[in-house]
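[1] here is my input, please return the structure:
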Amino acid sequence: MSSQLHETSATVAAIILAGGASSRLGGTDKTRLPIAGASALERVLRAAPVGRRIVVGPSGEDGDVLAARHGARFVLEDPPRSGPLAALERGVAEFSEGPDEATVLVLGGDMPMLRPETLAALAAASAESSRVTALEAEDGHLQFLGAAWPLGRLRAALAAVEHPGGGWADLSLRRLYAQLADHELVTLPATGAEGADIDTPDALAQVRRVAGPRIALAQIEVSEELAATLDTVRTAVAEAAEEGAHLVLLPEATLTPFGTDLRAAAVAHHEDFAQLVQELAEDHGVVVVAGSFTPTDDGRVHNTVIVRGPNWDPHLDYRKIHLFDAFGADESRTVAPGDELITFDLAGTRFGVATCYDVRFPEQFTALARHGAQAILLPLAWKDGPGKREQLQLLLRARALDSTTVVLATDQSPPPGYSGGAARGIGRSAVVGPLGRIRQELGREPGLLLVDLDLEEVEAARAALPVLRHHVELPRL
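    Numbers count the residues shown, from 1 in each chain. The predicted model follows:
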């Protein structure tokens, strides 16, 4: 399984300025400060679109690891610590062979909340318009180190501010941006805390407060051969953990696909499957959420989502409440409904759990939000058919808006050429923001989608759209 590549053909490079110690943070290298389990610099590296990544700054003790993990190269300005413009010029010099029309992202190593989709949008907008495109923080100020430049324009602007005797020591980025005419600069608004840097103790504390855990949506193909599925699950969890995930979300019915004998699989294999999920959680230090089936006393099963964490915390089961008796399916014939909502806390974030057909019932999502959920995990085995992809996308966006939560939906990847009647997924696993914007989405093929939660995004959405606070119980007719 390969993780989703946040690549855009417009981007040839990201230059990340990581100049070292900050006097306002007691001489600490702010780029190496831990934010939600990773250094600020690593979070920037993993957000930068795929391509060449140049870090201008000291490699430090973690440089070799970061370089190998993210395909980055560390370089130093000459002389060292001679200021941001000198550092930027050193980074640009690494792309001497690059064409002027190429696009370069200019990023700060102390901006840990930057998002892959935002950086891709900056690069694409710059390439399309041939203008500098910069991130505008919520307070209206321009983020000089969150911008995409046409490489030729960046070279020209640097040359224009170079010292008469040569060099760029002690020159500010503001001097560089002052070279741009009004029509040469456009902005994109930041979402949540992504425009924040960590120049002060207060800014660091705020970023740490809103930086949520890293979630991996593991879109897998579920085989009718259990051994094959278990191998796929092992690989997906291992790869997600390697990518820094705190939680791995697998699809509905990971134990066995629909169209098989659910009761037989539940009786024979659920306990072993749950034990494997627990072991994977322990071995990799992550929470694993996966769809299974558990037997009931009436001869049916519960469509059960198991939540297993290291040291057995959390250890929860959610039983699907709404059963898919629709579009010719008859889930209730073999599946009994659950009747309990489930939430749990991880790394300062409260998660709710729902399953597939539950997404058509807004009251479940708003109830989870009123129980404190900031994000809702939604494993799926979506049934294909005319208009079903459009319905899924619409429903995910609507439920996020209803509840002002981040909706994290992981579907099965359908087997190639599958044309059976049972629900085997359509792919399209997605991350949807609390105002209904699809932030990231996979196609039909297996893949790993990674997202770092930004709790400030949820707080801002609920302040702007207080639907949870405005909710009233309607009188009966």
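[2] for the least confident helix or strand in the chain by mean pLDDT, packing partners?
    When the helices and strands of the chain are scored by mean pLDDT, DSSP states H and E, strand 21-22 comes last with a mean of 74. Applying 3 or more C-beta pairs under 8 Å, 6 or more residues apart in numbering; DSSP states H and E, one finds that strand 21-22 contacts strand 28-29. For glycine as for every other residue, the C-beta is placed from the backbone atoms N, C-alpha and C.
[3] so which strand or helix has residue 473?
    Here residue 473 sits in a region with no helix or strand, counting by DSSP states H and E.
[4] that one and residue 101: what is the separation?
    59 Å (C-beta to C-beta, to the nearest Å).
[5] higher neighbour count, those two?
    residue 101 (13 against 5; other C-beta atoms under 10 Å).
[6] quick one: the more buried one is in a strand?
    No: going by DSSP: H, G, I helix; E, B strand; the rest coil, the assignment for residue 101 is coil, not a strand.
[7] hmm, residue 151 and it touching each other?
    Yes: at 7.4 Å, residue 101 and residue 151 qualify as touching, with contact defined as C-beta atoms under 8 Å.
[8] low-scoring stretches of this protein, by residue?
    Residue ranges of the chain with pLDDT under 70: 2-11.
[9] wait, residue 400 sits on residue 430?
    No: contact criterion C-beta under 8 Å: residue 400 and residue 430 do not qualify, at 9.8 Å.
[10] what is the end-to-end distance of stretch 447-460?
    30 Å (C-alpha to C-alpha, to the nearest Å).
[11] now that stretch: how far from the chain's centre is it?
    5 Å (C-alpha atoms, centre = their mean, to the nearest Å).
[12] just stretch 188-208 next, same as before
    Distance, centroid of stretch 188-208 to centroid of chain: 17 Å (C-alpha atoms, centre = their mean).
[13] which other residues reach it?
    22, 24-25, 30, 33, 35-36, 40, 108, 110-115, 118, 121-122, 125, 133-138, 143, 145-146, 210-211, 433, 454-458, 460 (C-beta atoms under 8 Å, 6 or more residues apart in numbering).
[14] repeat that for stretch 222-237.
    1, 216, 218, 220-221, 248, 250-251, 253-257, 260, 265, 269, 273, 276-277, 280, 284, 286, 288, 290, 381, 412, 424-425, 448.
[15] direction included, what does the least confident helix or strand of the chain pair against?
    strand 28-29 (antiparallel) (DSSP bridges).
[16] show me what whichever helix or strand comes after the strand it pairs with is packed against.
    Scanning forward in sequence from strand 28-29 by DSSP H and E, the next helix or strand is strand 34-35. Packing partners of strand 34-35 (3+ C-beta pairs under 8 Å, 6+ apart): none among the helices and strands.
[17] and strand 34-35, which strands flank it?
    Assessed with DSSP bridges, strand 34-35 is paired to strand 38-39 (antiparallel).
[18] which neighbours do residue 400 and residue 430 share?
    Common neighbours of residue 400 and residue 430 (C-beta under 8 Å, 6+ apart) are residue 407.
[19] next step: the contacts of stretch 188-208 restricted to helices.
    Under the assignment DSSP state H, the contacts of stretch 188-208 contribute 40, 118, 121, 122, 125, 210, 455, 456, 457, 458, 460 to helices.
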